[in-house]
Structure formats: C-alpha cells, structure tokens
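Asks: this is the structure alone, sequence omitted:
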C-alpha cells in the first residue's frame, strides 16, 4: 500500500502568511513616510495641550533642556477654544515653573476659555506650573506628583552694622 501525501502543506502556508505580513509592514512603513497628518482635520472632542519644561515668555532656552513658551501654549489654547468640535481642554503639565509673567499669561488664557479645562499634573506641577493648573476647572495629579509652591521666596539675614 502506498502512502498518500497530504494535499495541504502547513509549512508552505505558514511561510506565505509570514511573507505577506512582512510585506504589509514594509508597505505601511513606506506609506507613512509620504502621507502627512493634518492635525486640524483630526476628529475628537478633547484637546490635550502639553506644558513640558520651564515656562518662559520666549524660546530663549539658554540653559534649560525643555522649554514651554507662553506664546505657543496660548496659541494652542485659543485654537482649541475657537474650535466648536472641542468640548474640553486637558493641560498636561510637567513643569517646575519658570517666568511669573509667562505663567500668568497662560493662566489668564485658561481662564478666558469657554471650555471645560482640566490640569493633569504628571511628575511636577510646581510654581508657575501649579499657577497654570490653578486657573483650570479641575486639577488631577498623582499622590506622588510634586505640586504647589507658588511664590517661594528665598531670603537671608544681613547684619551690615556688626
């Protein structure tokens, strides 16, 4: 009696499926290089605005690795406020603070919005970062996030007459 070969070869099928998957990944990767994403056309009803790094009035970072400029953040807040499709604004804050003037400008822009605003404090929301958060409707933070410290003043004693 002769042994019959199976009509279906599993090894060949697995190889073909694996090759199709690899070619699909390459095709998606190549297409993603040529297809741009228009942020204005994205759907959704919540704007997430990151405030990352030291808050400054201009992009003169100097010594700071990460800078959040008040001009850029205010522009994002105003765009979100003007967009009728957006119902809420989340301020994703990870900032040790910075310029008092720049922080106040951002806080005023947050207060002017007609949307629900939520400050989401990540690692740090101190000084100017907390000032911005306090202007929002709600503040959400982890119990281990560093928060607070608006208006910290360092001083020393001086005895010039002694």
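Replies: Sure thing, it's come through. This is a predicted model, so every value here is computed, not measured.
Asks: switch to C-alpha atoms for all contacts and neighbour counts from now on
Replies: OK.
Asks: now residue 67. Its backbone dihedrals?
Replies: phi -130, psi 140 (degrees, to the nearest 10).
Asks: show me the beta-bridge partners of it.
Replies: The residues listed as beta-bridge partners of residue 67 by DSSP bridges are residue 54.
Asks: tell me how far it lies from residue 94.
Replies: Distance from residue 67 to residue 94, counting by CA to CA, to the nearest Å: 11 Å.
Asks: quick one, which of these two is more surrounded?
Replies: Between residue 67 and residue 94, counted using other CA atoms under 10 Å, residue 94 has the larger neighbour count: 24 against 21.
Asks: the more buried one touches residue 122, doesn't it?
Replies: Yes - in this structure residue 94 lies within contact range of residue 122 using CA atoms under 8 Å: 5.3 Å.
Asks: buried ones in the helix or strand where residue 72 lies?
Replies: Using DSSP states H and E, residue 72 sits within helix 70-82. The neighbour-count check on helix 70-82 (16 or more other CA atoms under 10 Å) flags 70, 73-74, 76-77, 80-81 as buried.
Asks: mind putting those residues in a markdown table, pLDDT and distance to residue 48 included?
Replies: Rendered in a markdown table, the data for these read as follows (pLDDT from 0 to 100; distance: CA to CA, whole Å):
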| residue | pLDDT | distance to residue 48 |
| --- | --- | --- |
| 70 | 91 | 16 |
| 73 | 93 | 11 |
| 74 | 94 | 13 |
| 76 | 93 | 9 |
| 77 | 94 | 10 |
| 80 | 92 | 9 |
| 81 | 93 | 12 |
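Asks: next, format those residues as TSV and append distance to residue 100.
Replies: Supplementary listing: the buried residues of helix 70-82 in TSV, determined by distance: CA to CA, whole Å:
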residue	distance to residue 100
70	11
73	15
74	15
76	20
77	19
80	24
81	23
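Asks: after the longest strand belonging to the chain, which helix or strand is next?
Replies: Here the longest strand in the chain is taken by residue count, with DSSP state E as the criterion, and it is strand 116-126. Scanning forward in sequence from strand 116-126, with DSSP H and E defining helices and strands, the next element found is helix 128-134.
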